[in-house]
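Visitor: Okay, here's the prediction I keep looking at, along with the sequence it came from:
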Amino acid sequence: MKHVIIVPPKGLKGVYKDNRLWASQYVKADPQNRFKVEMKSSSPEGALQATRRAVALAGTTGEVIYAVGHGGGGSGHAGQVDFAPLSKFRVSQFLAFYDNKTEEWKGPSIAEMLRDAKEARKGTKTARKQKEKAWCTNYVASGCGKAKRQVRAIDKLQPHYDEMGKIFRANPVKRIVLLTCNVGKATTFLTELATDLGVPCRAYTDTVSTQARWEGSRRNAKIYMFLASDRYPNGTYNDRSATELLPGLTRQQRCDAKPMATP
């Protein structure tokens, strides 16, 4: 099976740089079956361009691994995942469930949330403040500011999200792997994502961590990628985790979702 890993563009630091370095080690360990696709920009357009290249390399029996940003999951539908660095293409629960293909969304109408979030930006300063407060009261009491930003991003991101679904439906791969934190906890969200994109999705139920270890000089650092609950040399954090994708992964540490049949 071919494994194609999408990485952030050059120039970013922190987890983005670690992902790039680890991906190079991963590919070098098996260059016949592993390939790296570098994003040209930290944008939805950059994500789509990289995805087109990745699906062509992976074929119908391969997997596309996204190692480009952050993710998160509480439980059920409360999930989010980046398809581009710096939150430039973050698929939130509101974006994923906007069309609600699985019919699993049990919250308030996302279309109404978006309508009212737009309306809250109109009028005088006092009127806007009152409407912003009312939006939080009606829809999201905790974490309201973040929720509003994600809802207001729907109009901008929906065309790109739809285009990503078209790419995968035209070029179905074996699965998508989301190499990011905790998305596997949001099982309903992951199923909606798989249904929207038309291919199975795999995610993890723990924080995905990286650790640099030096062998000799600091120029000879290796990046190890593993789940945070594991401690070296056990579980996913062992000598092989510099060149293998979470070796020692247990069934409880991952979640696999298949697309649901829709009308």
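Guide: Structure's in. What do you need?

Visitor: Mind jotting down where the helices sit in the stretch 151-263 of the chain?
Guide: Remark: helices assigned in the stretch 151-263 of the chain by DSSP state H, counting those that start in this stretch are 154-170, 187-197.

Visitor: a markdown table for these, including distance to Pro233, mean neighbour count and mean pLDDT?
Guide: Any C-beta I mention is one placed from the backbone N, CA and C, and that applies to glycine too. Compiled in a markdown table, the helices of the stretch 151-263 of the chain are given as follows (distance: least, CB to CB, whole Å; neighbours: other CB atoms under 10 Å; pLDDT from 0 to 100):
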| stretch | distance to Pro233 | mean neighbour count | mean pLDDT |
| --- | --- | --- | --- |
| helix 154-170 | 37 | 15 | 98 |
| helix 187-197 | 30 | 25 | 97 |
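
Visitor: of those helices, which approaches Asp239 most closely?
Guide: For Asp239, the closest of those is helix 187-197, at 30.2 Å, according to CB to CB.

Visitor: Packing partners of the closest one?
Guide: Counting contacts by 3 or more CB pairs under 8 Å, 6 or more residues apart in numbering; DSSP states H and E, helix 187-197 is packed against strand 79-82, helix 93-96, helix 154-170, strand 201-204, strand 254-257.

Visitor: Need the contact partners of that helix.
Guide: Helix 187-197 is contacted by residues 73, 75-81, 91, 93, 96-97, 99-102, 104-105, 161, 164-165, 168-169, 176, 183-184, 200-201, 203, 255, 257-260, 262 when judged by CB atoms under 8 Å, 6 or more residues apart in numbering.

Visitor: Ok, stretch 237-248 next?
Guide: In contact with stretch 237-248 (CB under 8 Å, 6+ apart) are residues 3, 22, 25-26, 28-29, 65, 177, 179, 204, 211, 213, 222-227, 230-236, 253.

Visitor: Ok, stretch 219-227 next?
Guide: Residues outside stretch 219-227 that contact it (CB under 8 Å, 6+ apart) are 18, 21-22, 25, 179, 204, 206-215, 232, 235-238, 241-242, 245-246, 249, 253.

Visitor: cool, stretch 158-178 as well?
Guide: Taking contacts as CB under 8 Å, 6+ apart, the residues outside stretch 158-178 that touch it are 1, 44-45, 47-48, 51-52, 55-56, 58-66, 71, 81, 83, 89, 91, 95-96, 98, 194, 196-204, 245, 256.

Visitor: Mind pulling up the pLDDT for Arg219?
Guide: Listed pLDDT for Arg219 reads 70.

Visitor: hmm, I was thinking of Gly74
Guide: pLDDT at Gly74 comes out at 82.

Visitor: Let me know the distance separating it from Asn182.
Guide: 8 Å (CB to CB, to the nearest Å).

Visitor: out of these two, which sits in the busier spot?
Guide: Using other CB atoms under 10 Å, the more surrounded residue of Gly74 and Asn182 is Asn182, with 21 against 13.
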